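Engineer: Fold the following, please.
(chains A and B)
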Number of protein chains: 2
Amino acid sequence: MTAEAVAVRAAVQELSSTADALRRELDVRWPADGDRMQEIARYGLLAPGKLLRPLLLVTAAEATGGSRDKVVPAALAVEYLHVASLIHDDVIDGDDLRRGQDSVHARYGIPDAIATGDGLLFRVFSAVAECAALGVPEAAVLAAVRVLAQAGEDMCRGQVQESLLAAAGPQGCSLDAYREMASLKTGALLRGACRAGALLSGGTPEETDAVTAFAEHVGLSFQMYDDLLPYLADSSVTGKPATSDAANLRPTFPVLLAYRTGSPVVRRRLELALGGGTSPEATFAELHDVLVATGALELAQVQSRAQAERAKARLGVLPRSEAADVLAAVADLTVRRGA
Amino acid sequence: MTAEAVAVRAAVQELSSTADALRRELDVRWPADGDRMQEIARYGLLAPGKLLRPLLLVTAAEATGGSRDKVVPAALAVEYLHVASLIHDDVIDGDDLRRGQDSVHARYGIPDAIATGDGLLFRVFSAVAECAALGVPEAAVLAAVRVLAQAGEDMCRGQVQESLLAAAGPQGCSLDAYREMASLKTGALLRGACRAGALLSGGTPEETDAVTAFAEHVGLSFQMYDDLLPYLADSSVTGKPATSDAANLRPTFPVLLAYRTGSPVVRRRLELALGGGTSPEATFAELHDVLVATGALELAQVQSRAQAERAKARLGVLPRSEAADVLAAVADLTVRRGA
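Structural biologist: Numbers count the residues shown, from 1 in each chain, chains lettered A, B, ... in the order given. Presented below is the predicted three-dimensional model:
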């Protein structure tokens, strides 16, 4: 085992134990005997998930000198925000499977899925505000409120941009437009989680900016790899059908890479595949063929890993700590899922 | 003209001038040349509306010793919250008309309507947080954040309860269950607006509780009257089809009143009308007949006005001021719409 592998293994154990603690906290705060909205929220929150965003918030807080106990409500808050966005995204995309089980609207209907998602969005801010009672200065709590409100709005803006890009097809979506969309849709909340953690723990401006930049690159790496995953793994790993992106004609990183670097023949094949006339399965199979044949699948993995490396490089300004090592490991793990 | 009528007229002028100022502020903050999400938000925010909630926040702040200038962003915040809930409600109910124009999803599609509604919900908290830069103490801003987050979550809970009550039909919905639902769905944000205004302006606990209780009764009066309005006025006043509630089989105050006070024959007619087998127009016409014949329409108006009187009675603890008079006039105006 290399030194890096040992460090990653230790980090995984640390993350796993923190995730268990956060999951117990969710279980206590969202009991099974609540009213209907609580029942629906519990179903969404306690579905098997990695808790990546709350783990980032807690770890960024620790890596910038804070203590975990004071930021747990804010860590739950970013999970509320994430799960609310998943619930609404699944309504928008008509995805009936999420985290390996029925999506919320598939189980409880669209009206209550929309309303419960909204309820969770509001709970984000009640939860962050709790940190004041745990001893975090009010100015820092208010700064975290601002950061998460901005992150949430950016996510929504990314969602709207994605619809526009999907409608434009690969010919109308540059790699820069893709990166901007991914930076909003996925990066915003990862940045928000790390930045809020650092602000709540009283990190210096340099430390706060460093964990924010770290999260920016993790976000890009994560979204690029997420786009790849259906072509690398089966749906038992991703928790959703491999054909979901293809069915929604969503612009994905490897496809754009193939389109922007490919020959006219490749471009024509992709335009036809994404023209909407075929079944999701046929679209997916054709995309898969093109991605393998052009090497775009391989190139996309390389670029995703490069973003993870850039993320780790930004951690240099932090004092050495176990938490900083865990952040570095998170960057590595984003590009090892399903592998 | 009676003294009361003179006071109401002065209050209406004051409200109208404040509403114009708030509308100008919205127009500046949501320019027509923004990105797509801003365009959609602008469409929803600048549709002709009464701006009741921001007016309540501003007036409650003034009535508890505060100045308008420091709370304008929070006033806009409660309008963001309200408009976001309207956008999502229209998606849920399939209502294509709102405020006399196409609803947001009818114009921009369901995906972007959901995402833009979410974006506005996040902007609520960015906007409230702005008050700190205007000189409101951070503790008070954080208190307002908590109040609006709770109000928003209560609204969502009320929305979910309403679906359950609609499914239960009049036989499964007591007047108490209706009042609880209305207190959440409509009352919560009116309470939140008044309470946030008082907290931001540094009102005493007694004053803060008084404007909150005032808003609780205004909320009940408002929702009861809103339920009546389709039977009293045409859709040019309500801005939505008179048959909307009937089409959604929503439990409404006059219908429940008729059901709970009516004979077995009346109850049977209402059960049949709300059984879902007839057109919205036929359902509406039958409900209208029953409400007039049983006197429930008249009784519902009386009870709605009684809530408005109870609202005004709670203002007694406030120091005499023009703003307190305006609050009283708002209570009167809630039961005069469309008259």
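Engineer: my read: A:Ala329 touches A:Ala7, true?
Structural biologist: Yes. Using CB atoms under 8 Å, A:Ala329 is in contact with A:Ala7, at 6.5 Å. All C-beta spots, glycine's among them, are computed from the backbone N, C-alpha and C.
Engineer: Mind pulling the model confidence for A:Tyr240?
Structural biologist: Careful, residue A:240 is Lys and not Tyr. On pLDDT, A:Lys240 comes in at 63.
Engineer: low pLDDT regions in the stretch 151-300 of chain A?
Structural biologist: By pLDDT under 70, the low-scoring segments of the stretch 151-300 of chain A are A:233-241, A:248.
Engineer: Could you tell me which residues of it lie near chain B?
Structural biologist: Residues of the stretch 151-300 of chain A lying close to chain B (CB under 8 Å from any CB of the partner chain) are A:152-153, A:155-157, A:159-161, A:163-164.
Engineer: For stretch A:255-274, what is the distance to the chain centroid?
Structural biologist: With CA atoms, centre = their mean, to the nearest Å as the basis, stretch A:255-274 stands 27 Å off its chain's centre.
Engineer: for A:Thr278, helix, strand, or coil?
Structural biologist: coil (DSSP: H, G, I helix; E, B strand; the rest coil).
Engineer: Kindly report the residues of the stretch 1-150 of chain A close to chain B.
Structural biologist: Going by CB under 8 Å from any CB, the residues of the stretch 1-150 of chain A near chain B are A:35-37, A:40, A:84-85, A:88, A:91-92, A:110-112, A:114-119, A:121-126, A:129, A:132, A:138-139, A:141-142, A:145-146, A:148-150.
Engineer: Flag the shaky bits of the stretch 1-150 of chain A, pLDDT-wise.
Structural biologist: A:1.
Engineer: the strands in it, which residues?
Structural biologist: Taking DSSP state E, counting those that start in this stretch as the test, the strands found in the stretch 1-150 of chain A are A:97-98, A:101-102.
Engineer: between the ones you listed, which gets nearest to B:Ser67?
Structural biologist: Shortest distance between B:Ser67 and those, using CB to CB, is found for strand A:97-98: 47.9 Å.
Engineer: List the neighbouring strands of that closest one plus their orientation.
Structural biologist: The strands beside strand A:97-98 in its sheet (DSSP bridges) come out as strand A:101-102 (antiparallel).
Engineer: Just want to know which of A:Ala329 and A:Ala7 has more residues nearby.
Structural biologist: The neighbour comparison of A:Ala329 against A:Ala7 (other CB atoms under 10 Å in any protein chain shown) goes to A:Ala329, with 21 against 16.
Engineer: Could you check the pLDDT of that one?
Structural biologist: According to the model, A:Ala329 scores 93 on pLDDT.
Engineer: Now it. Nearest residue, chain neighbours left out?
Structural biologist: With sequence-adjacent residues excluded and distances taken as CB to CB, 6 or more residues apart in numbering or on different chains, A:Ala329 is closest to A:Ala11, at 3.2 Å.
Engineer: next one: A:Tyr259
Structural biologist: In space, A:Tyr259 is closest to A:Pro170, 4.2 Å off (CB to CB, 6+ apart).
Engineer: Please identify which helix or strand holds A:Tyr225.
Structural biologist: If you go by DSSP states H and E, A:Tyr225 is part of helix A:205-232.
Engineer: Give the buried residues for that helix.
Structural biologist: A:207-208, A:210-232 (16 or more other CB atoms under 10 Å in any protein chain shown).
Engineer: Could you pull up phi and psi at A:Gly275?
Structural biologist: phi -80, psi -10 (degrees, to the nearest 10).
Engineer: And it, how close does it get to chain B?
Structural biologist: Noted for A:Gly275: a distance of 20 Å to chain B, by CB to the nearest CB, to the nearest Å.
Engineer: number of nearby residues for that residue?
Structural biologist: A:Gly275: 11 surrounding residues under other CB under 10 Å.
Engineer: The longest helix seen in chain A relative to helix A:205-232, how many degrees between them?
Structural biologist: Ranked by residue count, the top helix of chain A under DSSP state H comes out as helix A:138-168. For helix A:138-168 against helix A:205-232, the angle between stretch directions is 30 degrees (axes from the mean of the first three to the mean of the last three CA atoms, to 10 degrees).
Engineer: In helix A:138-168, which residues are buried?
Structural biologist: A:138, A:140-166.
Engineer: Could you pull up the contacting residues of the most centrally placed residue in chain A?
Structural biologist: Chain A has A:Thr186 as the residue nearest its centroid, 5.1 Å off, counting by CA atoms, centre = their mean. Applying CB atoms under 8 Å, 6 or more residues apart in numbering or on different chains, one finds that A:Thr186 lies in contact with A:158, A:219-220, A:222-223, A:226.
Engineer: for A:Tyr259, same thing?
Structural biologist: A:170-171, A:266-267, A:270.
Engineer: Number of residues surrounding A:Gln13?
Structural biologist: 11.
Engineer: Now the residue nearest to the centre of chain A. Nearest residue, chain neighbours left out?
Structural biologist: Of all residues not flanking A:Thr186 in the chain, A:Gln223 sits nearest, at 4.1 Å (CB to CB, 6+ apart).
Engineer: could you measure that neighbour against A:Arg250, distance?
Structural biologist: To A:Arg250, A:Gln223 is 11 Å away according to CB to CB, to the nearest Å.
Engineer: From start to finish, how long is stretch A:177-196 in a straight line?
Structural biologist: End-to-end distance of stretch A:177-196 (CA to CA, to the nearest Å): 27 Å.
Engineer: Give the buried residues for it.
Structural biologist: Quick answer for stretch A:177-196 (16+ other CB under 10 Å): A:177-196.
Engineer: nearest spatial neighbour of A:Leu86, skipping sequence neighbours?
Structural biologist: Using CB to CB, 6+ apart, the nearest residue to A:Leu86 is A:Arg98, at 6.3 Å.
Engineer: Any idea how many residues pack against that neighbour?
Structural biologist: Neighbour count for A:Arg98, taken as other CB under 10 Å: 23.
Engineer: rewinding a little: shouldn't the residue nearest to A:Tyr259 be in contact with A:Arg267?
Structural biologist: Yes. The pair A:Pro170 and A:Arg267 qualifies as a contact (CB under 8 Å) at a distance of 7.5 Å.
Engineer: higher neighbour count, these two?
Structural biologist: Remark: of A:Pro170 and A:Arg267, A:Pro170 carries more neighbours, 22 against 17, as counted by other CB under 10 Å.
Engineer: so what's the more buried one up against?
Structural biologist: Contacts for A:Pro170 (CB under 8 Å, 6+ apart) come out as A:251, A:255-256, A:259, A:267, A:270-271, A:274.
Engineer: just the residues you listed now: which is nearest chain B?
Structural biologist: Of all the contacts of A:Pro170, chain B sits closest to A:Pro251, with 14.9 Å by CB to the nearest CB.
Engineer: thought the closest one was touching A:Ala166?
Structural biologist: Yes. If you go by CB under 8 Å, A:Pro251 and A:Ala166 touch, sitting 6.0 Å apart.
Engineer: re the thing from before, closest to chain B among the contacts of A:Thr186?
Structural biologist: For the contacts of A:Thr186, the nearest to chain B is A:Gly158 (8.9 Å; CB to the nearest CB).
Engineer: quick one, what contacts that closest one?
Structural biologist: Neighbours of A:Gly158 in contact, by CB under 8 Å, 6+ apart: A:181-186, A:188.
Engineer: same thing but at 10 Å, please
Structural biologist: By CB atoms under 10 Å, 6 or more residues apart in numbering or on different chains, the residues touching A:Gly158 are A:85, A:180-189, A:223, B:37, B:115.
Engineer: And for A:Ala247?
Structural biologist: A:93-95, A:241, A:276, A:279-281, A:283-284.
Engineer: Check A:Leu165 too.
Structural biologist: Listed by CB under 10 Å, 6+ apart, the contact set of A:Leu165 reads A:172-174, A:177-178, A:180-181, A:249-251, A:256.
Engineer: now for the contacts of A:Tyr259, which pair is the farthest apart?
Structural biologist: In these, two members sit farther apart than any others by CB to CB. They are A:Gln171 and A:Val266, at 12.4 Å.
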